[in-house]
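Enquirer: After the sequence you'll find the predicted model.
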Amino acid sequence: MTAQGYRVLYRDRWLLAVDKPSGLLSQPGLGPDQGDSLISRVQAEDCAWRLVHRLDRDTSGVLLLAVGLEALRRTSALFSNRCVNKLYLAHVRGVMAGHGCIRNRLARLQRQPPRYGPHPEGREACTLWRVRSSAAGITQVWLRPITGRSHQLRTHLAGIAHPIIGDPIYEDQPADHFSLDHHPSQRLYLHAIALSFCHPFTGQRLRLLSADPWPQS
């Protein structure tokens with residue numbers, strides 16, 4: 001763990017992968033109370049790093065950065081061209097079984113707070129899901145977003161009546177109604193656990209992993 005409060009998962013001359021904690025913005029928001037962010041903390045140590053993609057404030061896990069315009073361009077292109085496999089882990093309300101695919105068109109329906117949902121003029125969104133375990137009315141599920149729309153995973157799960165635990169926008173019940181190992185938490189139970197892609201300079205296959213925050217007993 002660095003002095004800036006994040007863990008480095010991978011680093012070379014072009015790329016940096018860090019473990020973003022829940023509750024920290026990926027980049028500064030509007031207003032002086034939203035100035036603290038992951039990229040601000042990284043740039044306090046080296047101002048050359050730039051975000052390749054973003055995670056919602058309350059989502060934890062693997063976040064990728066690049067140094068230099070060419071590294072940023074090449075790595076961003078991997079995301080744009082859907083050449084990056086993304087894997088998330090979530091706890092959702094209700095009992096799910098098996099696996100499936102959620103596909104629709106999403107658009108922003110509300111600005112403050114930002115809220116997204118199905119809309120015929122929205123952008124195509126696709127999420128694959130597979131159950132990891134289920135007990136006591138809560139399901140732990142693997143999520144693989146094929147597209148990368150804002151709030152995609154949160155919107156898709158809420159849309160099939162299985163909102164992610166602790167979601168301040170898409171879940172009706174507060175997170176403190178749920179706990180893991182009897183330790184209540186106010187966090188969003190969504191974690192970006194892995195990114196996998198071919199290195200844009202070396203061609204090496206990279207699999208960047210964050211520790212499982214909710215390991216199976």
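Expert: Now that the structure is in, tell me what you want to look at. Numbering: from 1, shown residues only.

Enquirer: Just name the shakiest helix or strand of this structure by mean pLDDT.
Expert: strand 183-184 (a mean of 44; mean pLDDT, DSSP states H and E).

Enquirer: Quick check on Leu157: phi, psi?
Expert: phi -70, psi -40 (degrees, to the nearest 10).

Enquirer: what's Val95 in contact with, if anything?
Expert: The neighbourhood of Val95, defined by CB atoms under 8 Å, 6 or more residues apart in numbering, consists of 134, 137, 139. Where C-beta positions appear, they are placed from N, C-alpha and C, glycine not excepted.

Enquirer: Restrict those residues to the buried ones and give me that as a ChimeraX selection.
Expert: Here is the ChimeraX selection string for the buried members of the contacts of Val95, based on 16 or more other CB atoms under 10 Å:
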select :139
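
Enquirer: all strands of this protein, in order?
Expert: For the chain, the strands defined by DSSP state E occupy 7-11, 15-20, 49-51, 60-67, 85-93, 99-110, 115-118, 123-135, 138-145, 179-180, 183-184, 190-198, 205-209.

Enquirer: Out of those, flag the one nearest Glu171.
Expert: strand 85-93 (7.0 Å; CB to CB).

Enquirer: which parts of the closest one are buried?
Expert: Buried residues in strand 85-93, counted by 16+ other CB under 10 Å: 86-93.

Enquirer: Looking at the contacts of Val95, spot the one nearest Ala158.
Expert: Thr139 (13.7 Å).

Enquirer: Surely the closest one touches Val131?
Expert: Yes - if you go by CB atoms under 8 Å, Thr139 and Val131 touch, sitting 5.9 Å apart.

Enquirer: Need the residues touching each of those two.
Expert: Met96.
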